[in-house]
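Quick one: sequence and predicted model below, then my questions.
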Amino acid sequence: MLEQTVKTDIVVIGGGLAGVCAAVAAARLGQTVSLVQNRPVLGGNSSSEVRVWVCGATAHGNNRFARETGIMGEMFVENQYRNMEGNPYFWDLVVLETVKAEPNIQLFLNTDVHEVEAEGPAEDRLIKSVTGWMMGSERRIRFEGEQILDCTGDGLVGFLAGAKYRIGREAKAEFNEDWAPEAEDGITLGSTILFYSKDVGRPVKYVPPSFAKDITQTSIPIRRVIRSGDSGCHYWWIEWGGELDTVHENERIRDELWSVIYGIWDYIKNSGQFEADNMTLEWVGSVPGKREYRRFVGDYILNQNDIVEQRPFEDRVAFGGWSIDLHPPQGMYASEDGSKHFHSDGNYSVPFRSLYSANVRNLLFAGRNISASHVAFGTTRVMATCAVIGEAAGTGAALCVQKGITPRTLHAEHLQELQQTLLRQDASVIGLRSEDAEDLARRASVDASSALTLEQWPLEGEAGTTAAYVLEKPIGMIVPVDPRLDTVELLVDADEDTELVVELWETGREENYIPHRFVSRHSCRVAAGEKRWAAIDASGAQLPAAPCNAFLVVRENPSLRLHAAEGNVFGLLGFEYHGAMPFEKHDEESQRVTKWRPGNFRRKPFCIKLSPGTDAYSAAKAIDGFTRPFGGPHLWMSAAVGGGQEAWLRLQWTAPVNMRSIHLTFNDDVNEDLINLHHHTTPFPVLPELVKDCRIEALVGDEWTVLERIADNRRRKRVVQLPAAVAASAIRVAVEATNGSPFAQLIEIRVYG
């Protein structure tokens, strides 16, 4: 046996997506990191060992502009390029290469940490080291670091260190949570094993093992959906163990799940109720994917009301948007549905106080073990949300090391620096504006070759490439209003002389995209005929004085057809209404966000004319401090270019500035719901909105000098480090080509000396 000690600034235990993002975030800020994982692959439940798809704030398309950015976003976009078919082994490689790209990370796979050295009284503990056994190498490794991150999911490290934690469901009275039980108990969500099936093109027999369960003797065939062509996460409901101890009875839970999987396959293959002669089992998992165990206690416990009310915490460092998703304790044997969901009106924030221990001074955590009630955990537990929480925790750990302080002190004395660091790294934070005093772009004036104004969409002469939709139900649209909205014109067909009625609504919150407060109702007469522009006078509408998103509800009228055009315009959205009729009942319904869905209008905005147009895409938006949509799209978008034309954005200073690095954030359309495995397929390997080729030029003296050329880009965030300082009075980003969009788009430019 070999014994060794590894000393790094930070030790991250757990190589799921939370641990990966925590380690990468800290490493990119210059800290040395040990990333310790007890499995042979990274990715946790998303890895090829378990194969759960990575869900997050998009909630499978319920939330708008909600896809994660930062490290999780990078992996989503890269996987889309490499792995559109959702091969789980290729996803493993995306995650592994993300870690291996960071020289500050030492990776220890197959290393099971089971010893923790901690000291101090119960209310003020300090972790000195953690020790693990590297299987296959017979190495006992002691890891020492100033900050320890428990990203193990089950929370073993914090438990061994004496950190306060909870297991099970809190009583309703503790946080006044509607979805909590009357009395607290030890019930958790259960574990799941998945399987993959395959059509081999010829008959294949199946002889079940002796331990396969006869599922016809259970409620499963009656209460759950079984189809011969489904596999993977379609069978997320094969869940059990919520009434057991999901850690200490892990093997028992695994055996029960296996018995049901092989019994389900026996039912599919041999019951005669399915066309499955040519189907075979391609893969069956062997590691139960756990949903819940210990949840640590931080300085704040996130609860259901925070999620539903979308509380804008002062110390917000990450966001989520998945529904509160809770499952019955009996899992697959329950008589009720396999899950129940509550969707808030949009994304919610996660506070930093929920990411560090209340009583262990150098312990942070990320993933499904954060400081949250059982009900709130029902949404924070999904992996993309765990990942962005991991990036926030890793960033916090790095700043703690740099300053020699605890996470609690970081929160109390350096919160703005933490948040500004996250924004600079393009992390997933909502509603915070960059206030980075070192960013030279904030002192510059800005202009561009052109900017989209939406005075008419589609462009003049292109209205023939449209499709018309009958107004059988209300249709909605989001329009960025900046600074005002006087007239809206819509392209319609009318079967007879009739009336077009449009309502204006506010969305309520800048991060929400559904009608919240009625503003005004407008109408106009439409003569019978095709492709007529119908003008609505909205000049009297009392919309907010600041730039905002207006939600237009086009009221139902079967005599009218509304035209939409192919081609995505970021910030302009269309919705089908799927709620109860009449529409006036809408405001009385819960989970309103689920009633408005893109449907046929995904990447197909309505034909529209705005007067006096919009400044929502002006050059100034590239330095306005926002890197995500928030009450508007917040990016520069040129007018349409083609035929070899270039579009450019320029910063100018009154006197030359010394620059050493340029940060460019391109638009990767965070409204597009990407998935790492097989839930759905997005039809393009590179997001069309991304800039493909561009030049960065500086005005040195009287001459423009090319500092850098970016070619074949497929990434959102690019940082250009110059070999030496350049003194320039202006800088210009010239976009030569995009990946398919007719518009050049740049979310943000930063310049550092």
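Done, it's in. Numbering: from 1, shown residues only.

chain center to stretch 503-515, what's the gap?
Distance of stretch 503-515 from its chain centroid, counting by CA atoms, centre = their mean, to the nearest Å, is 21 Å.

I misspoke; the intended subject was stretch 549-568.
Per CA atoms, centre = their mean, the centroid offset for stretch 549-568 relative to its chain is 28 Å.

and it, which residues are buried?
Across stretch 549-568, burial judged by 16 or more other CB atoms under 10 Å covers 549-557, 559-565, 567-568. C-beta coordinates here come from the backbone N, C-alpha and C atoms, glycine included.

swap in stretch 243-257?
So stretch 243-257, judged by 16+ other CB under 10 Å, has buried residues 243-244, 246-247, 250, 253-254, 256-257.

got it, and stretch 73-88?
73-80, 82-84, 86-88.

With secondary structure added, can I get the buried residues of stretch 243-257 in a markdown table?
Listed next are the buried residues of stretch 243-257 as a markdown table, based on DSSP: H, G, I helix; E, B strand; the rest coil:
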| residue | secondary structure |
| --- | --- |
| Glu243 | coil |
| Leu244 | coil |
| Thr246 | coil |
| Val247 | coil |
| Asn250 | helix |
| Ile253 | helix |
| Arg254 | helix |
| Glu256 | helix |
| Leu257 | helix |
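
Tell me, how many residues neighbour the residue nearest to Phe570 when sequence neighbours are not counted?
Nearest residue to Phe570, sequence neighbours excluded (CB to CB, 6 or more residues apart in numbering): Pro633, at 5.5 Å. Neighbours of Pro633 under the rule other CB atoms under 10 Å: 28.

Look up which helix or strand Pro633 falls in, please.
Under the criterion DSSP states H and E, no helix or strand holds Pro633.

is it true that it touches Val569?
No. Using CB atoms under 8 Å as the test, Pro633 is too far from Val569 to be in contact (9.2 Å).

I'd like the average pLDDT over stretch 615-629.
Averaging the model's pLDDT scores along stretch 615-629 yields 98.

Kindly apply the preceding question to stretch 270-289 instead.
Mean predicted confidence for stretch 270-289 is 96.

so who does the residue nearest to Phe570 touch?
480, 570-571, 616-617, 621 (CB atoms under 8 Å, 6 or more residues apart in numbering).

now His678: how far from Met72?
19 Å (CB to CB, to the nearest Å).

In terms of neighbours, single out the busier of these two.
Under the criterion of other CB under 10 Å, the comparison of His678 against Met72 puts Met72 first, with 30 against 17.

Test my guess that the more buried one contacts Leu17.
Yes. Using CB under 8 Å, Met72 makes contact with Leu17 at a distance of 6.8 Å.

Between these two, which contacts overlap?
54, 384, 387.

And for the last one, the neighbour number?
Around Ala387 sit 32 other residues, with neighbours defined as other CB under 10 Å.

Could you check the pLDDT of it?
At Ala387, pLDDT is 98.

so who does it touch?
17-18, 20-21, 54, 56, 68, 71-72.

roughly how far is whichever strand or helix holds it from the heart of the chain?
Using DSSP H and E, Ala387 sits in helix 383-403. The chain centroid and the centroid of helix 383-403 are separated by 16 Å, computed with CA atoms, centre = their mean.

same deal with stretch 4-15?
Taking mean C-alpha positions (CA atoms, centre = their mean), stretch 4-15 and its chain are 28 Å apart.

got the end-to-end distance for that stretch?
With CA to CA, to the nearest Å applied, stretch 4-15 spans 21 Å between its terminal residues.

residue boundaries of the helices in the stretch 551-700 of the chain?
Counting by DSSP state H, counting those that start in this stretch, one finds no helices in the stretch 551-700 of the chain.

pLDDT weak spots in it?
Within the stretch 551-700 of the chain, the stretches with pLDDT under 70 are 583-589.

can you do 80?
581-590, 642-644, 678-679 (pLDDT under 80).

what about the closest residue to Cys233 other than its chain neighbours, helix or strand, and which?
Among residues not flanking Cys233 along the chain, Trp53 sits closest, at 5.1 Å (CB to CB, 6+ apart). Per DSSP H and E: Trp53 is located in neither a helix nor a strand.

I'd say Trp53 and Ser46 touch.
Yes. Using CB under 8 Å, Trp53 is in contact with Ser46, at 7.3 Å.

which neighbours do the two share?
676-677.

Compare these two and say which is more crowded by neighbours.
A direct count of neighbours by other CB under 10 Å for Trp53 and Ser46 places Ser46 higher, at 29 against 22.

picking up where we left off before, and the buried residues of stretch 73-88, which is closest to Pro629?
Gly73 (14.0 Å; CB to CB).

ok, now which ones touch that closest one?
67, 426, 428, 668, 670, 716.

In a helix, it, correct?
Yes. Assessed by three-state DSSP, Gly73 belongs to a helix.

Give me the distance between it and Cys607.
For Gly73, the distance to Cys607 - CB to CB - is 31 Å.

Report the spatially nearest residue to Ser47, omitting neighbours in sequence.
With CB to CB, 6+ apart, the residue lying closest to Ser47 is Val41, at 4.7 Å.

from what I can see the one you found touches Leu109, true?
Yes. Here Val41 lies in contact with Leu109, judged by CB under 8 Å, at a distance of 7.4 Å.

neighbour-wise, which of these two wins?
Val41 (21 against 18).

give the contact list for that one.
Here Val41 is in contact with 47-49, 92, 96, 109 (CB under 8 Å, 6+ apart).

quick one, phi/psi of it?
phi -130, psi 160 (degrees, to the nearest 10).

and it, how far is that from Gly86?
Taking CB to CB, one finds Val41 at 16 Å from Gly86.

Just give the strands next to the top strand by length along the chain in its sheet, each with its orientation.
Ranked by residue count, the top strand of the chain under DSSP state E comes out as strand 717-738. Using DSSP bridges, the strands paired with strand 717-738 are strand 647-666 (antiparallel), strand 691-700 (antiparallel).

All set, thanks.
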